[in-house]
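**Student:** pasted the sequence and its predicted model underneath.
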Amino acid sequence: MRTVFVVILIVIAAGFLFVYARPQTQMELKSFSFDKNGVMPSRLSCDGGNLSPHLTISGVSAAAKSLALIVDDPDATRGGTFTHWIIWNIPAGTTDMLEGQYPQGAIQGRNDFGSSSYGGPCPPSGVTHSYHFKLYALDALLSLSTDSTVQDLEPEIEKHLIEKAELVGTYSRP
């Protein structure tokens, strides 16, 4: 009887070690269109097809109900950060956003170009700008209209944030 009790305790302890000693995965955002901190190809810019990049997402928390993405340029010369793309209610299970596409059910808001779509890099000639792709895992779907801006989206993200990942690319024009 004592042996059975010891075996049960060992099994329970091993289970706790397995669950709590595992490294926790962290949400990660990568791109097949450009390397982390690398140069974005012109097809993603105003000089090319203005295509959104191919993005891959991994390590999303099981508690996430949706994802949101903000793409901005903090190097913008007019009035501070320039928003190139906002999109929310991306299904939490999304692992791939193909170039020039976004997941069904996701909602695009108004960027600083004034459109509800992706607007690619378009810095002044001879200047390199950084483009920050900020992905947020959220504990809810958001109720925002398609004419919402980043100023509408950010407070909602703050209310529902679980975790964040970021990818940066650069672009310059001749």
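**Tutor:** Perfect, I can see it now.
**Student:** quick one, what contacts the residue positioned nearest the centre of the chain?
**Tutor:** The residue lying closest to the centre of the chain (C-alpha atoms, centre = their mean) is Leu135, at 2.0 Å. By C-beta atoms under 8 Å, 6 or more residues apart in numbering, the contact set of Leu135 is Met27, Leu29, Ile57, Leu67, Ala68, Leu69, Lys164, Ala165, Glu166, Leu167. (Each C-beta comes from the backbone N, C-alpha and C, glycine too.)
**Student:** 7 Å instead?
**Tutor:** Contact partners of Leu135, counting by C-beta atoms under 7 Å, 6 or more residues apart in numbering, are Met27, Leu29, Ile57, Leu67, Leu69, Lys164, Ala165.
**Student:** so the fourth one, which state does it fall into?
**Tutor:** Three-state secondary structure (criterion: DSSP: H, G, I helix; E, B strand; the rest coil) places Leu67 in strand.
**Student:** look at it and report its pLDDT.
**Tutor:** On the pLDDT scale, Leu67 is placed at 99.
**Student:** leaving out chain neighbours, which residue sits closest to it?
**Tutor:** Nearest-residue entry for Leu67: Ile90, 3.9 Å, with adjacent residues in sequence omitted and distances by C-beta to C-beta, 6 or more residues apart in numbering.
**Student:** I appreciate the help and will end here.
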